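# structural data only, the sequence is not supplied:
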DNA sequence: AGCATACGAAACGCTGCGTCTTGTAAACTC
DNA sequence: GAGTTTACAAGACGCAGCGTTTCGTATGCT
């Protein structure tokens, strides 16, 4: 085989140590205090091993989150648009109300604003996936004839993720039942 | 008078040069490339003059925005909740669709995630003021008997600002008429 | 005149960046 | 089992920017 593996293979142990160290430091001291040298030192790893596999420390965190945290949201069919929404929102706010995960997401979103290239990676590998997931729920409602004419599907995504992210980033208030209930009311048009 | 001014007064000229230089550099090269030394150099000012009056470069930008950009939103009475909302949202999305202002807001929001102390200042001096403004609109609607039972006033704020910020920070899509229309529909309960 | 504070300029030590070098380790190829 | 290739830990390197300090000067008040 021409493209058989050549040379020493990547150390899975080092990768794991790096991801763990990054999460630990970020959790203990905050993203602002996270440095490549700090990660390397705690992981017992050379800096070059980090630079070889990740372009920035934010990418390390992004992979750490994807690998070690369960960021999946359920999009099973619960029979109605309202029930599907409730399942999605409940799972989402359990995530957002988890301190460690919220801090991680805030750091990634912040870095995405400052580093344009990372921003694209973050949007594609995280934000867009979550949009796609909710879009499935909306599309299912449309096929069921369950979807009100307004708001438009694109706006549904903006309202749901907007409200969640705004609380996480701006007001720092917990996501609660009241928000979820009103959100469902508003999106299903069940005021009347 | 005991507390009369003593010593050389603060140079208004230097202050203005610093705010201008900060905005220019951020606009030209992005917030990631903004440095205190860069600001001082372009403004023709000693670094100490910056450190004497602002704790961080983000605070410089925050004051620059407050001083040089018109960030006011109209909360005049337009006769109905829907009309008030439309005026508020229209003004907001004209702001958010202005590239320079959007970039500035993204940088400030990003820094607020990383620097806890600045985050509080940002919330108090900017985010909360805008929440207060919209709260006036909502309260007026309530007094008029114009306000639907849902969503609750607090959720109204989350939905409006959430949608705006989410587009600015996450999808980078322009705010458009469709979003404004759907938002008004949803908040006034005028589906029916 | 004397005092207090701000100013521009520049030097300081420090931290973390991203690169590079060194010697060793772990896989495959012949 | 000798040779090749890539990854590894460790650490040195020059650089940029930080926040502080020092200097001599400027501008207000009493």
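Structure's in. What do you need? Computed from a predicted structure; not experimentally measured.
# would you mark the buried spots in stretch A:166-178?
A:166-171, A:175 (16 or more other CB atoms under 10 Å in any protein chain shown). (C-beta placed from N, C-alpha, C; glycine too.)
# got those as JSON lines, with pLDDT and distance to residue B:126 columns?
Formatted as JSON lines, those follow (pLDDT from 0 to 100; distance: CB to CB, whole Å):
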{"residue": "A:166", "pLDDT": "98", "distance to residue B:126": "14"}
{"residue": "A:167", "pLDDT": "98", "distance to residue B:126": "17"}
{"residue": "A:168", "pLDDT": "98", "distance to residue B:126": "17"}
{"residue": "A:169", "pLDDT": "98", "distance to residue B:126": "13"}
{"residue": "A:170", "pLDDT": "98", "distance to residue B:126": "10"}
{"residue": "A:171", "pLDDT": "97", "distance to residue B:126": "13"}
{"residue": "A:175", "pLDDT": "96", "distance to residue B:126": "22"}
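# quick one: the helices in chain A?
For chain A, the helices defined by DSSP state H cover A:12-29, A:36-43, A:47-53, A:57-68, A:81-96, A:99-114, A:116-122, A:128-144, A:153-166, A:177-188.
# from the buried residues of stretch A:166-178, pick the one nearest DNA strand D.
residue A:169 (22.5 Å; CB to the nearest atom of the strand).
# pLDDT weak spots in chain A?
Within chain A, the ranges that satisfy pLDDT under 70 run A:1-4, A:191-192.
# which ones are touching the residue nearest the centre of it?
Nearest to the geometric centre of chain A sits residue A:126, at 5.2 Å (CA atoms, centre = their mean). By CB atoms under 8 Å, 6 or more residues apart in numbering or on different chains, the residues touching residue A:126 are A:62, A:66, A:71, A:108.
# verify the stated contact: the last one with residue A:122.
Going back to what we said before, that points to residue A:108. Yes - with contact defined as CB atoms under 8 Å, residue A:108 reaches residue A:122; the gap is 5.7 Å.
# and DNA strand D, which of the contacts of residue A:126 contact it?
Among the contacts of residue A:126, no residue sits close to DNA strand D (CB under 7 Å from any atom of the strand).
# what comes up buried for stretch A:116-132?
For stretch A:116-132, by 16+ other CB under 10 Å, it's A:118-119, A:121-123, A:126-127, A:130-131.
# switch those residues over to CSV; also include distance to residue B:135.
Putting those into CSV (distance: CB to CB, whole Å) gives the following:
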residue, distance to residue B:135
A:118, 35
A:119, 32
A:121, 37
A:122, 32
A:123, 32
A:126, 32
A:127, 29
A:130, 29
A:131, 29
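# adding distance to DNA strand C, write the residues you listed out as TSV.
Rendered in TSV, the data for the buried residues of stretch A:116-132 read as follows (distance: CB to the nearest atom of the strand, whole Å):
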residue	distance to DNA strand C
A:118	11
A:119	15
A:121	15
A:122	17
A:123	20
A:126	21
A:127	23
A:130	28
A:131	29
